[in-house]
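Student: I'd like to go over a predicted model; first the sequence, then the structure.
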Amino acid sequence: MGGFLWTTLAWGSNRIVILGLTLLLARLLTPEDFGVVTAAVTIIAMLDAALDLGVGAAVVARQEQGITAATRMAMTINLGISAVISLAGIAASPWIAAVFDADAQANVFALLFLYPLFRGAGQVSDAVLKRDLQFKRRTAIDLTRAAVRVCISVPLALTVGGAFSIAAGIVGGELVAMLLLWILVPIRPALRAHWHLAPDLLRFGGLVTVIRVLGSVRASADYLVVGAMIGTTALGYYGMAYKLPELVIENVLWIFSAVALSTYSKARVISEDVLTSGMLRATRLLSIYGLTAGVTLAVLAPEAVPVLFSAQWAPAITPMVFISLALGLMAVGWASGDVFTATGRPGTLVALDIPATVLLIAGFVVAADHGLVAVAAALLVFNLVYCVARLALVRYAHGTAWPRLLGAVAPAVAIAAVTGGVGLLVRSFLPDGRFVTLVVVALACAVAALGAGLVFARTTVTDTIALLRRRRVGAG
């Protein structure tokens, strides 16, 4: 629980800072500027999933102590892969920019391809912090990364302007984070002596990498299709529609993933029952949070976009409704993902993810002919089908009975339904596009969610509050 709280603080603080930066830059820059950076970051995010070929996850799963030979070998592999990806990306920047009809912004793409170099070079040091549950140190690094990004992007936006100001902040923040990781966890790469360890690291890490890459492709495919088929300005609107759902829902899911593999790996050592029980509790919590947050953001979208980002971003409203609901559904199956890796069976998840990724891309390509709203709707339909398929895979692979799985999800559906109904009812009595409407409806949804939680998931809510109180007392 402590690791989750520290990681929540890190991600939460980081993303709040980034949201504040986005709110400011949304008034200084154009949708096209955001679209160019979104296109470049989307490409890089897909590469980011393969930066360490899964050897960072292997370092965590091995549960060794200190800086071992395997850790040094992982560092060597990681540095090599990061350098190759970065150099290849910089060389290909003019062609990548041309795909998005942004030839004049090739320098922005080239600059952003320094990100995988800095990101990848620090990943094994970061994996050691995760393995050793040193989440407090990771929090400090994440907060520093966000602060550096603000200190670079804001002055540049006010002077130079354009997409370059956003890109420079992203790259500068990652450079500083890499240096801090090297200081906290110094690892000397293995040059010769430990190459015999590479096959074992890569055998496990390879399947983990496939899962990550497929997940990254699914997370990025809509951006790529919108940017290539509809245009960078449309991608700017679509990316802005993603901002709040990403901050409130998707980032929390990634917070969970940051601690899940370490936690599940330790639970596996105790017993299979402990691992399964932990996964079901996590599924229950993430489902309640994700579905409730998704419905709330969908209700708030007509006010949130013009009030927070300005009226020029109005075309992002309807896509945000569908994206919010889609990310809420994604939370339902999220907790089970790291169980496959922790139990040494990542290939089981690959069998589902390969056809799912192909179908999603095809759906986006078809939907793009009908505009942004259709693409967002396609994401919602896919996530609904995928979350059911993920639960079925858990039933098949781990033997978890359907009543236990559905029992973990049912309270979330009830709470989300009540929250959405109350939010829509309150909103129907208030004027559109006003700050006061945004605040009142948000408060109504929060009260409804808490009340429904006490009715449909009282034990979960009270246990969570008790854990938070104990943690606060312990910290004091």
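Tutor: Happy to help now that I have it.
Student: Quickly list the domain ranges of the chain.
Tutor: 1-204, 230-476 (automatic domain parsing).
Student: Which residues are in contact with the residue lying closest to A301 once chain neighbours are set aside?
Tutor: Once flanking residues are discounted, A301 sits nearest to M320: 4.3 Å by Cβ to Cβ, 6 or more residues apart in numbering. Using the backbone N, CA and C atoms, a C-beta is placed for each residue, glycine as well. Residues in contact with M320 (Cβ atoms under 8 Å, 6 or more residues apart in numbering) are 241-242, 244-245, 297-298, 301, 304-305, 376.
Student: could the residues you listed go into JSON lines alongside secondary structure and pLDDT?
Tutor: What follows is the contacts of M320, written out as JSON lines (DSSP: H, G, I helix; E, B strand; the rest coil; pLDDT from 0 to 100):
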{"residue": "A241", "secondary structure": "helix", "pLDDT": "93"}
{"residue": "Y242", "secondary structure": "helix", "pLDDT": "91"}
{"residue": "L244", "secondary structure": "helix", "pLDDT": "90"}
{"residue": "P245", "secondary structure": "helix", "pLDDT": "93"}
{"residue": "L297", "secondary structure": "helix", "pLDDT": "97"}
{"residue": "A298", "secondary structure": "helix", "pLDDT": "97"}
{"residue": "A301", "secondary structure": "helix", "pLDDT": "95"}
{"residue": "A304", "secondary structure": "helix", "pLDDT": "93"}
{"residue": "V305", "secondary structure": "helix", "pLDDT": "93"}
{"residue": "A376", "secondary structure": "helix", "pLDDT": "96"}
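Student: Can I get those residues in a markdown table including distance to M178 and neighbour count?
Tutor: Shown next, in a markdown table, are the contacts of M320 (distance: Cβ to Cβ, whole Å; neighbours: other Cβ atoms under 10 Å):
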| residue | distance to M178 | neighbour count |
| --- | --- | --- |
| A241 | 31 | 27 |
| Y242 | 26 | 23 |
| L244 | 29 | 24 |
| P245 | 29 | 26 |
| L297 | 33 | 25 |
| A298 | 37 | 23 |
| A301 | 36 | 22 |
| A304 | 34 | 20 |
| V305 | 35 | 28 |
| A376 | 35 | 26 |
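Student: just those residues now: which is nearest V176?
Tutor: Y242 (25.6 Å; Cβ to Cβ).
Student: residues touching that closest one, list them.
Tutor: Y242 sits next to 320, 323 when contact means Cβ under 8 Å, 6+ apart.
Student: rewinding a little: nearest to L214, out of the domains of the chain?
Tutor: Nearest to L214, of those and by Cβ to Cβ, is domain 230-476 at 4.2 Å.
Student: hmm, back to that, report the secondary structure state of the residue nearest to A301.
Tutor: M320 falls in the helix class when you classify it by DSSP: H, G, I helix; E, B strand; the rest coil.
Student: before we move on, the earlier item: between the domains of the chain, which has the poorest average model confidence?
Tutor: For these, mean pLDDT drops lowest on domain 1-204, to a mean of 74.
Student: Show the residue spans covered by the helices in the stretch 101-250 of the chain.
Tutor: Along the stretch 101-250 of the chain, counting by DSSP state H, counting those that start in this stretch, helices occupy 106-112, 115-121, 123-131, 135-159, 163-184, 198-229, 232-245.
Student: mind putting the ones you listed in CSV, distance to P411 included?
Tutor: As requested, the helices of the stretch 101-250 of the chain are exported to CSV (distance: least, Cβ to Cβ, whole Å):
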stretch, distance to P411
helix 106-112, 42
helix 115-121, 38
helix 123-131, 30
helix 135-159, 28
helix 163-184, 38
helix 198-229, 26
helix 232-245, 22
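Student: Which one of those lies nearest to A83?
Tutor: Across the helices of the stretch 101-250 of the chain, A83 has its closest neighbour in helix 115-121 (6.3 Å, Cβ to Cβ).
Student: Run a quick neighbour tally on A121.
Tutor: The local packing of A121 (other Cβ atoms under 10 Å) involves 24 other residues.
Student: And for the one 5 residues further on?
Tutor: The local packing of D126 (other Cβ under 10 Å) involves 23 other residues.
Student: Pretty sure it sits against L184.
Tutor: No - using Cβ atoms under 8 Å, D126 is not in contact with L184; the gap is 9.3 Å.
Student: What is the most widely separated pair among the contacts of M320?
Tutor: Taking Cβ to Cβ as the measure, the contacts of M320 span a maximum distance of 15.2 Å, between A304 and A376.
Student: what's V41 in contact with, if anything?
Tutor: Residues in contact with V41 (Cβ under 8 Å, 6+ apart) are 112, 170.
Student: so which helix or strand takes in it?
Tutor: Assigned by DSSP states H and E, V41 falls within helix 31-48.
Student: Pop out the phi and psi values for I230.
Tutor: The phi/psi pair for I230 (degrees, to the nearest 10) reads phi -110, psi -30.
Student: Next, count neighbours for it.
Tutor: A count of nearby residues for I230, using other Cβ under 10 Å, gives 18.
Student: quick one: contacts for it?
Tutor: Shown in contact with I230 (Cβ under 8 Å, 6+ apart): 368, 371-372.
Student: how about a cut-off of 10 Å?
Tutor: 35, 237-238, 368-369, 371-372, 375 (Cβ atoms under 10 Å, 6 or more residues apart in numbering).
Student: Filter those residues down to the buried ones.
Tutor: Among those, those classed as buried by 16 or more other Cβ atoms under 10 Å are 35, 237-238, 368, 371-372, 375.
Student: for the residues you listed, which one is nearest V332?
Tutor: Taking Cβ to Cβ as the measure, V332 lies nearest V375 of those, at 21.5 Å.
Student: The closest one against V225, yeah?
Tutor: Yes - at 6.7 Å, V375 and V225 qualify as touching, with contact defined as Cβ atoms under 10 Å.
Student: Show me the common contact partners of the two, please.
Tutor: If you check V375 and V225 against Cβ under 10 Å, 6+ apart, the residues they both contact are 238, 363-368.
Student: Now a ChimeraX select for only the buried ones of those residues.
Tutor: Buried residues within the shared contacts of V375 and V225, by 16+ other Cβ under 10 Å, are selected in ChimeraX with:
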select :238,363,364,365,367,368
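Student: And the shared contacts of V375 and V225, which two are furthest apart?
Tutor: Y238 and V366 (16.4 Å).
Student: I'd like the domains of the chain as TSV, with distance to A221 appended.
Tutor: What follows is those, written out as TSV (distance: least, Cβ to Cβ, whole Å):
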stretch	distance to A221
domain 1-204	9
domain 230-476	5
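Student: which outside residues touch stretch 398-406?
Tutor: For stretch 398-406, contacts defined as Cβ under 10 Å, 6+ apart pick out 272, 275-277, 279-280, 283, 332-333, 336, 339-340, 343, 345, 348, 391-392, 394-395, 407-408, 410, 413.
Student: how about 6 Å then?
Tutor: With Cβ atoms under 6 Å, 6 or more residues apart in numbering as the test, stretch 398-406 has contacts from 391, 394.
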